[in-house]
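K.L.:
what would the 3D arrangement of this be:
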Amino acid sequence: MTRTSDDPRGGFLGELKDAVSARAALLVLGVLAIQLAFITSYIGAFHAPAPHRVPLAVTAHSSQVSDEVLYRLSTLPGQPIDPRSVRNETAAVEQIRNRDIDGALVLGPGGTARLLVASGGGASLSQAITEVVTAAEKGQRRSLTVVDVVPGTPGDARGLSSFYLVVGWCVGGYLCAAILAISAGARPANGSRAVIRLGALLLYSILAGLLGSVIAGPVLDALPGGLPALWGLGTLLVFAVGSITLALQGLVGVIGIGIAILLVVVLGNPSAGGAYPHPLLPAFWRTIGPALPPGAGTYAARSIAYFRGNGAGVPMLVLAVWAVAGTALTIAAAVLRPGGTGAGAEVAASGGADGRRRDRAGRAATAGRPGTMS
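P.N.:
Numbering: from 1, shown residues only. Below you'll find the model as predicted:
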């Protein structure tokens with residue numbers, strides 16, 4: 001006889017097996033692993049920020065003074081500064097605005113010194129440079145004045161608006177891809193369906209890039225810089241994150257969403273250089289940050305907002321590589337999957353699934369009749 005739902009013979013163990021399948025248990029363990037990775041990554045990146053080889057220019061009224069300061073800065077414990085000589089203050093300011101260096105120490109006659117920083121590139125980095133140089137200059141009988149040559153706007157507290165804008169774009173990218181998968185299956189049935197999903201993602205990316213730029217710029221007045229440039233960055237970033245999420249889903253199914261979260265949220269956000277720019281992060285996060293979408297996006301957004309787009313080329317190229325790779329893998333995973341070469345494959349798969357559901361429903365109805373044999 002078939003056991004009915006109120007048959008007590010299965011007991012608690014039987015109910016447990018029915019309520020939590022082996023697949024669900026494995027997914028829960030996967031969630032636990034991502035949670036622990038999240039905690040480890042964020043605390044590991046942020047618990048002890050310290051400058052490491054921050055590029056700083058030095059110029060002085062005499063070569064002897066310049067050489068002495070360069071040597072002292074280059075031999076500081078832990079190598080917090082990577083000093084280099086420039087010919088004058090004008091050249092130093094130009095290099096800061098080109099994002100070639102993060103600050104400059106200008107030594108004048110009569111014991112005067114000016115430290116040039118750029119808080120638009122990250123307030124915490126400017127603060128770290130100031131602390132290190134002030135300590136190094138202590139006892140040198142020079143009065144040090146700090147000058148912010150690329151200040152942040154009043155609406156951009158500690159230079160974090162670029163980072164939060166990028167985080168919002170990244171969240172939209174992988175959530176849009178996840179919704180496309182949940183609504184129609186994680187793996188598209190064929191190449192045509194994959195292209196349609198990518199097209200829908202592109203339209204979403206264009207809209208998300210525009211609205212995010214408008215909110216951060218004209219609406220909240222948090223970020224200066226050209227609206228078209230930020231719009232283009234947002235579109236590319238959302239599409240890059242979304243397409244790689246679609247690709248991972250096409251390769252490994254719904255687990256791909258978890259892998260995308262691991263890349264973008266667990267590893268990407270703490271290494272993005274938001275709260276602490278890359279020179280302040282530990283080695284692991286400092287290394288991977290520029291290669292991941294949140295890090296590339298944050299650096300490019302700050303470049304557009306405060307540095308006239310200088311330095312945004314390489315991060316935009318990184319995002320373009322992610323977008324192209326995600327697009328190619330999404331289409332390849334759909335075309336090369338078994339039965340994924342034609343539209344009929346999805347019809348057959350759908351029919352097969354419907355047939356199995358009807359068969360299970362029929363068996364359940366039959367089993368519910370008194371005296372029916374299993």
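K.L.:
please list all residues in contact with the closest residue to residue 316 other than its chain neighbours.
P.N.:
On the basis of Cβ to Cβ, 6 or more residues apart in numbering, the spatially nearest residue to residue 316 that is not a chain neighbour turns out to be residue 300, at 5.7 Å. Where C-beta positions appear, they are placed from N, C-alpha and C, glycine not excepted. Going by Cβ atoms under 8 Å, 6 or more residues apart in numbering, residue 300 touches 233, 312, 315-316, 319.
K.L.:
could you pull out the helices in the stretch 51-200 of the chain for me?
P.N.:
63-74, 89-97, 123-137, 161-184, 191-214 (DSSP state H, counting those that start in this stretch).
K.L.:
of all the residues in the fourth one, which ones are buried?
P.N.:
What that stands for is helix 161-184. Using 16 or more other Cβ atoms under 10 Å as the test for burial, helix 161-184 gives 161-178, 180-181.
K.L.:
try the first one
P.N.:
By neighbour count, with 16+ other Cβ under 10 Å as the criterion, the buried positions of helix 63-74 are 65-66, 69-70, 73.
K.L.:
next: the third one.
P.N.:
For helix 123-137, a neighbour-count test (16+ other Cβ under 10 Å) marks 123-130, 132-133, 136-137 as buried.
K.L.:
quick one: which of the contacts of residue 300 is nearest residue 61?
P.N.:
Closest approach to residue 61 among the contacts of residue 300 (Cβ to Cβ): residue 312, at 34.8 Å.
K.L.:
and the closest one, how far is that from residue 285?
P.N.:
The spacing between residue 312 and residue 285, counted by Cβ to Cβ, to the nearest Å, is 21 Å.
K.L.:
for residue 320, see how far away the residue nearest to residue 316 is.
P.N.:
In this structure, residue 300 and residue 320 are separated by 11 Å, where distance is defined by Cβ to Cβ.
K.L.:
now do the shared contacts for these two.
P.N.:
Counting by Cβ under 8 Å, 6+ apart, residue 300 and residue 320 have no shared contacts at all.
K.L.:
so residue 312 and residue 285 - more neighbours on which side?
P.N.:
Of the pair residue 312 and residue 285, residue 285 is the one with more neighbours under other Cβ atoms under 10 Å, namely 24 against 20.
K.L.:
once you drop chain neighbours, what's closest to that one?
P.N.:
residue 271 (3.9 Å).
K.L.:
so that neighbour sits against residue 292, correct?
P.N.:
Yes: under the contact definition of Cβ atoms under 8 Å, residue 271 touches residue 292, with a separation of 6.4 Å.
K.L.:
who's more crowded, the two?
P.N.:
When neighbours are counted by other Cβ under 10 Å, residue 271 and residue 292 differ, and residue 271 comes out ahead with 27 against 22.
K.L.:
what sits against that one?
P.N.:
Applying Cβ under 8 Å, 6+ apart, the residues contacting residue 271 are 41, 45, 278, 281, 284-286, 288-289, 292, 294-295.
K.L.:
among those residues, which lie within strands?
P.N.:
Assignment to strands by DSSP state E places none of the contacts of residue 271 there.
K.L.:
out of the residues you listed, grab the one that's most surrounded.
P.N.:
Going through the contacts of residue 271 with other Cβ under 10 Å as the criterion, the one with the most neighbours is residue 295, at 29 neighbours.
K.L.:
what's near enough to touch that one?
P.N.:
The contact partners of residue 295, taken as Cβ under 8 Å, 6+ apart, are 268, 271-273, 278, 288-289, 315.
K.L.:
buried residues, stretch 86-96. List them.
P.N.:
So, applying 16+ other Cβ under 10 Å, buried residues of stretch 86-96: 86, 89, 92-93, 95-96.
K.L.:
quick one: contacts of that stretch?
P.N.:
Around stretch 86-96, the neighbours that count as contacts under Cβ under 8 Å, 6+ apart are 57-59, 101-104, 106, 114, 116, 118, 149-150.
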